[in-house]
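Engineer: Okay, structure incoming, though there's no sequence with it:
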């Protein structure tokens with residue numbers, strides 16, 4: 001079995017839900033009768049899952065759609081709203097629309113009738129989906145995603161993007177240890193992608209020195225497939241593979257933002273979990289990578305500059321991704337001797353988010369692990385930091401760790417053993 005095949009075969013179905021899959025590059029036209037429905041369509045169009053689509057919103061409903069497409073080709077998907085609640089008038093409208101639709105065009109109808117018989121008739125007539133008004137943006141997104149992601153389609157991985165609020169916050173170290181916990185403690189196959197091309201430390205932290213890596217894929221994304229990806233990945237643990245950065249300065253890294261999107265799409269098609277180490281910086285591809293992630297984790301230190309930057313990152317992505325979990329906050333290097341610090345409570349209140357992990361300053365533990373090319377859990381599995389990384393992995397995946405399962409299993413066996421030792425009562 002190939003390396004890529006193994007990545008998708010041992011994680012118990014972990015990955016992105018069907019409704020959360022990104023929709024491919026298609027054209028969508030929505031024809032609405034109610035302004036409220038039009039506003040919902042506009043909000044749906046801004047969601048990351050529909051980022052590749054071209055969605056236009058028009059007013060006028062089925063009649064306007066039929067008039068427009070009598071003279072031009074229909075898009076990949078039509079969403080039409082009708083105020084008709086009676087079966088016959090609605091079917092008559094849709095029959096008129098069918099006369100101008102290309103055979104490959106899918107149609108979603110938004111209506112006000114809660115009639116199962118009507119729904120079955122619409123599906124029988126070839127309508128792809130029926131949504132009852134009033135609708136929510138996520139209903140539109142889920143309906144579109146389900147049309148273009150069949151249940152039998154190949155799974156795709158969940159992307160966890162880690163970014164530091166400022167340089168030196170420790171985001172890379174936390175991303176690497178999170179990936180290790182996913183693979184070795186929870187049992188979810190993961191690929192760690194180091195996008196800090198000139199200065200990435202994934203190779204160092206895992207004591208690896210790959211000759212090729214993510215830069216080779218980014219410079220020629222059109223060549224990347226499962227076979228090439230297998231050659232570029234480095235195995236760091238049984239379920240963990242690295243897509244390491246070159247970390248050399250003998251070339252420039254002026255890479256098209258589209259290349260990052262292409263590479264990430266291919267990687268997530270081969271790994272249930274993709275942990276992305278995003279360097280501290282702000283440009284088109286870093287914003288795009290963070291926007292497309294399923295989870296964003298911001299690492300900050302308890303100082304004013306870090307607070308300002310973390311607040312900005314949080315506000316940008318909380319606003320731009322209203323239908324996703326808000327960015328997660330990790331406070332790192334807390335408790336440096338004689339350093340004035342912003343208290344954790346005040347930091348959380350200023351950002352509007354409680355940290356999911358607070359890591360104390362422990363230069364001996366982290367420094368030794370870095371110099372040895374080890375993860376914290378390898379060096380001291382019972383340390384507060386190691387247990388913290390395990391906690392974050394459990395929280396962001398909703399999974400029990402292998403250790404949790406073992407303890408529960410041992411407890412059950414012990415309970416059953418005690419029952420077996422109890423003497424049986426005599427009848428009567």
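Structural biologist: Yep, it's here. Predicted, not measured: the structure shown is a model, and the values here were computed from it.
Engineer: Break this protein down into its domains, please.
Structural biologist: Domain assignment for the chain, taken from automatic domain parsing, gives 19-148, 158-408.
Engineer: Give me the average confidence score over the shortest one.
Structural biologist: Domain 19-148 comes out with an average pLDDT of 92.
Engineer: and residue 166, what does it touch?
Structural biologist: Counting by CB atoms under 8 Å, 6 or more residues apart in numbering, residue 166 touches 280, 300, 301, 305, 306, 309. Every residue, glycine included, has its C-beta placed from N, CA and C.
Engineer: Name the SS class of the last one, please.
Structural biologist: This means residue 309. What DSSP: H, G, I helix; E, B strand; the rest coil gives for residue 309 is helix.
Engineer: Return the distance of the nearest residue to it once chain neighbours are set aside relative to residue 280.
Structural biologist: Residue nearest to residue 309 in three dimensions, not counting chain neighbours: residue 165, with 4.2 Å by CB to CB, 6 or more residues apart in numbering. Using CB to CB, to the nearest Å, residue 165 is found at 8 Å from residue 280.
Engineer: Can you add distance to residue 13 and give the domains of the chain back as a markdown table?
Structural biologist: Output for the domains of the chain, formatted as a markdown table (distance: least, CB to CB, whole Å):
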| stretch | distance to residue 13 |
| --- | --- |
| domain 19-148 | 14 |
| domain 158-408 | 8 |
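Engineer: check which helix or strand covers residue 85.
Structural biologist: Under DSSP states H and E, no helix or strand contains residue 85.
Engineer: Contacts only, for the closest residue to it other than its chain neighbours.
Structural biologist: Nearest-residue entry for residue 85: residue 113, 4.6 Å, with adjacent residues in sequence omitted and distances by CB to CB, 6+ apart. Residue 113 is in contact with 85, 86, 87, 90, 132, counting by CB under 8 Å, 6+ apart.
Engineer: mind checking how far the third one is from residue 261?
Structural biologist: Spelled out, it's residue 87. 44 Å.
Engineer: And those two? Which one has more around it.
Structural biologist: Legend: neighbour count by other CB atoms under 10 Å for residue 87 and residue 261, higher for residue 261 (18 against 14).
Engineer: Excluding sequence neighbours, find me the nearest residue to the residue positioned nearest the centre of the chain.
Structural biologist: A centroid search over the chain (CA atoms, centre = their mean) returns residue 294, at 1.8 Å, as the residue closest to the centre. Nearest residue to residue 294, sequence neighbours excluded (CB to CB, 6+ apart): residue 158, at 4.6 Å.
Engineer: Show me what that neighbour is bridged to.
Structural biologist: residue 273 (DSSP bridges).
Engineer: what sits against it?
Structural biologist: Contact partners of residue 158, counting by CB under 8 Å, 6+ apart, are 14, 15, 16, 268, 272, 273, 274, 294, 295, 397.
Engineer: And residue 334, by the same measure?
Structural biologist: Applying CB under 8 Å, 6+ apart, the residues near residue 334 are 301, 302, 341, 344, 358, 359, 360, 361.
Engineer: rewinding a little: the residue nearest to the centre of the chain reaches residue 17, doesn't it?
Structural biologist: No. Taking CB atoms under 8 Å as the definition, residue 294 is not a contact partner of residue 17, at 9.6 Å.
Engineer: Angles on the backbone of residue 164, please.
Structural biologist: phi -90, psi 140 (degrees, to the nearest 10).
Engineer: ok, now how distant is it from residue 290?
Structural biologist: 12 Å.
Engineer: more crowded one of the two?
Structural biologist: It is residue 164, of residue 164 and residue 290, that has more neighbours when counted by other CB under 10 Å, with 29 against 24.
Engineer: Could you find the closest non-adjacent residue to the more buried one?
Structural biologist: Of all residues not flanking residue 164 in the chain, residue 171 sits nearest, at 3.4 Å (CB to CB, 6+ apart).
Engineer: try residue 34
Structural biologist: Spatial nearest neighbour of residue 34, excluding adjacent residues (CB to CB, 6+ apart): residue 81 at 6.7 Å.
Engineer: what's in contact with the host helix or strand of residue 55?
Structural biologist: Following DSSP H and E, one finds residue 55 within strand 54-59. With contacts defined as CB under 8 Å, 6+ apart, strand 54-59 is touched by 25-33, 35, 38, 41-42, 44-45, 64-65, 68.
Engineer: Could you check the angle the next helix or strand after it makes with strand 54-59?
Structural biologist: Following strand 54-59 in sequence order, the next helix or strand is helix 61-68 (DSSP H and E). Orientation note: helix 61-68 sits at an angle of 110 degrees relative to strand 54-59 (axes from the mean of the first three to the mean of the last three CA atoms, to 10 degrees).
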